[in-house]
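Asker: Got a predicted structure here, sequence first:
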Amino acid sequence: MKRLKEYYKRQIEKMGKKQKITFYTAAVVLALLVLLNIGGLAYAFFTATVTGNDTAKGDVVETGTLSIVYTNGQELRGENILPGWSETKTFTVENTGTVEATYNINWENLTNTFVNKSDLVYTLTSTNSGGTLTETQIPNSGEHIGILSSITIQPGVTQEYTLTVTYKNRDADQSSDMGKSLIGKIEVVDINGNNSQTGAERIIAKATEDNTEGLIKIVQPETEQTPELTEYRYSGSNEEVKNYINFNNETWRIIGVFPVDDGTGKYENRLKIVREESIGEYSYDTSENTVNFGWGVSQWGESGSYNGADIMRLLNPGYENENINNSLYWNRTNGTCYYDHNNITTSCNFSEIGLNEEAKNMIGNAKWYTGASNYNKTSQTAYAAERSTQLGNNDGTVDVVMTANWVGKVGLIYPSDYGYGSNDCTLANKRLFDYSDCNNTNWLYDENQFWLLGRDEFNAVFATASGTVLTQDGHYDQSVFPALYLTTNVKITSGDGTLESPYKLSL
């Protein structure tokens with residue numbers, strides 16, 4: 001994973017030492033400036049660009065009572081346009097519930113850099129008593145700017161909208177707006193301000209064949225523990241992937257959108273995220289010298305009298321009554337942690353970097369898979385092995401029954417997650433132990449070794465500083481990057497996924 005310090009270092013190198021660095025949170029659109037002389041009079045025309053965060057595809061969004069269908073996407077996109085250009089967007093709002101609903105229509109994340117803003121206008125018409133709007137000037141830049149508010153819709157009714165944006169041709173010199181841009185999306189929210197589109201749905205809408213954000217779509221075949229599932233993953237270099245997210249008042253990254261079993265057999269598309277910075281270096285698991293020579297056990301969850309791997313108990317709730325690794329990260333407190341063989345401990349403090357209450361409310365239970373795997377696999381074969389029922393061989397040294405899955409809140413990334421982080425190496429069908437030449441194309445690579453959620457028999461799995469995946473005894477201290485699945489109702493309210501403007505979340 002790219003560290004933040006590396007990012008700023010590169011910016012300084014690019015701009016020169018002792019120069020001020022300015023980070024722009026709005027998109028910058030370059031235009032081709034052309035002047036045309038007609039009949040002795042100078043009229044200006046240029047390429048303005050209307051862009052958004054999604055490719056104009058047919059997107060369907062569902063809520064408990066409203067179904068919003070964006071026929072040609074939420075975004076506005078125009079290329080090589082002239083004064084007199086216009087673009088029309090259509091969308092429908094259907095009340096699928098049993099009671100009257102009320103909603104608002106907004107501009108979302110609008111950036112308007114035009115000087116003569118009166119030249120940019122829009123109209124809105126609708127059917128079945130929806131809202132209407134006569135010619136209106138496009139507003140200034142801002143977030144969630146109202147178009148129409150408090151629109152009522154009865155059960156079973158569908159209201160169809162047509163929104164038309166026009167750049168007026170005033171038959172005059174409009175050169176002051178050469179190279180300016182308009183960026184925005186159409187947003188439909190209920191009367192309480194809740195966007196009907198979940199964060200998972202928003203990322204799926206981005207995962208199109210021509211996306212430029214590193215998203216790939218994978219149809220995973222059925223495994224021993226899971227049916228055939230369709231995933232959307234971020235894959236590629238840090239320069240390509242745009243998956244930064246603000247979570248727990250920190251920078252995290254979106255691994256992708258996955259159909260997740262919540263532990264009851266119910267699958268829902270959910271965002272899986274991982275912390276951008278390590279929370280420290282700790283043992284995956286250690287033990288007394290009478291158990292596996294003090295080298296620990298790689299069983300992640302509870303099994304019989306065994307409470308589960310040390311790092312699992314550090315990250316998750318329910319272990320507060322223990323003395324060591326006792327849910328310290330989950331409860332945002334300090335105490336004692338394991339970090340070496342024979343149960344050696346060290347002091348640890350999560351009072352600043354542990355999970356806050358807002359973050360914990362966004363985390364849902366998920367089934368995590370712990371089938372025996374190893375590093376001698378490709379991304380796809382590792383995925384299947386993780387979700388297998390293979391428990392590994394027990395030579396009698398470890399008196400713990402391994403399990404093939406665990407239901408809980410916080411885990412780590414899988415070996416397969418790490419493998420899929422590099423699309424080049426995935427397409428080349430490389431095995432995980434041969435990933436050292438994939439570091440520059442894998443956004444999950446880190447210069448420090450870190451634990452992965454996997455095991456080979458009773459050894460733990462980790463990513464090395466050289467970029468490969470190997471196994472070793474769990475008592476070693478390696479970096480820990482918590483990973484988790486957000487609940488289905490978490491929404492992305494702003495941001496574009498870049499480091500400068502990470503996605504922001506709300507419930």
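Answerer: Yes, it's here. It should be emphasised that the depicted structure is a prediction, and the values quoted were computed from it without experimental measurement.

Asker: drop to CA atoms for contacts and neighbour counts, all remaining ones
Answerer: Noted.

Asker: quick one: low-confidence parts of this structure?
Answerer: Per-residue confidence for the chain (pLDDT under 70) gives these ranges: 1-65, 77-81, 192-197, 208-210, 392-398.

Asker: Just give me the residue closest to the centre of it.
Answerer: Ile254 (2.8 Å; CA atoms, centre = their mean).

Asker: Could you verify my assumption that that one touches Tyr234?
Answerer: Yes - taking contacts as CA atoms under 8 Å, Ile254 lies within contact range of Tyr234: 7.4 Å.

Asker: where do the contact lists of these two overlap?
Answerer: Asn243 (CA atoms under 8 Å, 6 or more residues apart in numbering).

Asker: so the closest residue to the residue nearest to the centre of the chain other than its chain neighbours, which of the three states?
Answerer: Once flanking residues are discounted, Ile254 sits nearest to Ile273: 4.3 Å by CA to CA, 6 or more residues apart in numbering. Look at Ile273: counting by DSSP: H, G, I helix; E, B strand; the rest coil, its state is strand.

Asker: hey, what's Ile273 bridged with?
Answerer: Bridge pairing for Ile273 (DSSP bridges) gives the partners Ile254, Leu484.

Asker: Pull the contacting residues for it.
Answerer: 252-256, 483-486.

Asker: redo that, cut-off 10 Å
Answerer: By CA atoms under 10 Å, 6 or more residues apart in numbering, Ile273 lies in contact with 243-245, 247, 252-257, 412-413, 482-486.

Asker: repeat for Tyr339
Answerer: 281-286, 310-311, 345-347, 474-478.

Asker: Which residue lies closest in space to Val115, excluding its sequence neighbours?
Answerer: That would be Asp177: by CA to CA, 6+ apart, it lies 5.8 Å from Val115.

Asker: Also Asp473?
Answerer: Per CA to CA, 6+ apart, closest to Asp473 is Asn459, 5.0 Å.

Asker: Could you pull out the helices in this structure for me?
Answerer: 4-15, 199-206, 310-315, 328-331, 357-361, 379-386, 415-420, 423-427 (DSSP state H).

Asker: ok so, going back, state the distance from the residue nearest to Asp473 to Tyr375.
Answerer: 11 Å (CA to CA, to the nearest Å).

Asker: Check the gap between Ile363 and Lys272 for me.
Answerer: For Ile363 relative to Lys272 (CA to CA), the value is 10 Å.

Asker: who has more neighbours, those two?
Answerer: The neighbour comparison of Ile363 against Lys272 (other CA atoms under 10 Å) goes to Lys272, with 21 against 18.

Asker: So that one sits against Asn243, correct?
Answerer: No - using CA atoms under 10 Å, Lys272 is not in contact with Asn243, being 11.0 Å away.

Asker: Which residues are in contact with each of the two?
Answerer: 233, 253-256.

Asker: Can you pick out the most distant pair from the residues you listed?
Answerer: Arg233 and Arg253 (11.4 Å; CA to CA).

Asker: what sits in contact with each of those two?
Answerer: The contact sets of Arg233 and Arg253 overlap at 243, 272 (CA under 10 Å, 6+ apart).

Asker: re earlier: now for Asn459 and Tyr375: what residues contact both?
Answerer: Joint contacts of Asn459 and Tyr375 (CA under 10 Å, 6+ apart) are 470-471.

Asker: Compute the number of surrounding residues for the nearest residue to Tyr70 once chain neighbours are set aside.
Answerer: Closest residue to Tyr70 apart from its sequence neighbours, by CA to CA, 6+ apart: Phe91 at 4.4 Å. Phe91 sits with 22 neighbouring residues when counted by other CA under 10 Å.

Asker: cool, Ala465 as well?
Answerer: 15.

Asker: quick one: it and Asp437 touch, right?
Answerer: No - counting by CA under 10 Å, Ala465 sits too far from Asp437 to count as a contact (11.9 Å).

Asker: For the contacts of Tyr339, work out which two are farthest apart.
Answerer: Ser347 and Gly474 (18.8 Å).

Asker: Tell me which of those two has more neighbours.
Answerer: The neighbour comparison of Ser347 against Gly474 (other CA under 10 Å) goes to Gly474, with 32 against 11.

Asker: my read: that one touches Phe450, true?
Answerer: No - using CA under 10 Å as the test, Gly474 is too far from Phe450 to be in contact (11.4 Å).

Asker: got any residues that touch both of these two?
Answerer: Taking CA under 10 Å, 6+ apart as the criterion, Gly474 and Phe450 both touch 282, 284, 461-462.

Asker: and which of these is nearest to Ile105?
Answerer: For the shared contacts of Gly474 and Phe450, the minimum distance to Ile105 (CA to CA) is 47.7 Å, reached by Phe462.

Asker: Name the residues linked to the closest one by a beta bridge.
Answerer: Trp451, Leu470.

Asker: Wait, it touches Tyr445, no?
Answerer: No - judged on CA under 10 Å, Phe462 makes no contact with Tyr445 at a distance of 11.6 Å.

Asker: ok, the spatially closest residue to Tyr306 that is not a sequence neighbour - how many residues close by?
Answerer: Leaving aside its sequence neighbours, Tyr306 sits nearest to Val400 (CA to CA, 6+ apart; 6.9 Å). Per other CA under 10 Å, the neighbour tally for Val400 reads 19.

Asker: In the stretch 151-300 of the chain, what residue spans correspond to strands?
Answerer: Using DSSP state E, counting those that start in this stretch, the strands of the stretch 151-300 of the chain run over 158-167, 181-190, 215-220, 229-234, 244-247, 250-261, 267-275, 281-283.

Asker: tell me which residues in the first one are buried?
Answerer: Applying a neighbour-count criterion of 16 or more other CA atoms under 10 Å, the buried positions in strand 158-167 are 158-161, 163-167.

Asker: In its sheet, which strands sit next to that strand, and in what direction?
Answerer: Assessed with DSSP bridges, strand 158-167 is paired to strand 86-95 (antiparallel), strand 120-126 (antiparallel).

Asker: now do the fourth one
Answerer: Strand 229-234 has its sheet partners listed here by DSSP bridges as strand 215-220 (antiparallel), strand 250-261 (antiparallel).

Asker: quick one: Leu182 and Leu110 touch, right?
Answerer: Yes - the criterion here is CA under 10 Å, and Leu182 meets it with Leu110 at 7.4 Å.

Asker: Give the closest residue to Tyr103 in space, chain neighbours not counted.
Answerer: Nearest non-adjacent residue to Tyr103, counting by CA to CA, 6+ apart: Asp190, 4.0 Å away.

Asker: Quick check: the one you found vs Thr96, distance?
Answerer: Distance from Asp190 to Thr96, by CA to CA: 13 Å.

Asker: Dihedrals phi and psi, Val241?
Answerer: phi -80, psi 130 (degrees, to the nearest 10).

Asker: what about it, how many neighbours?
Answerer: Close neighbours of Val241, defined as other CA under 10 Å, add up to 22.

Asker: That one contacts Gly256, doesn't it?
Answerer: No - judged on CA under 10 Å, Val241 makes no contact with Gly256 at a distance of 11.2 Å.
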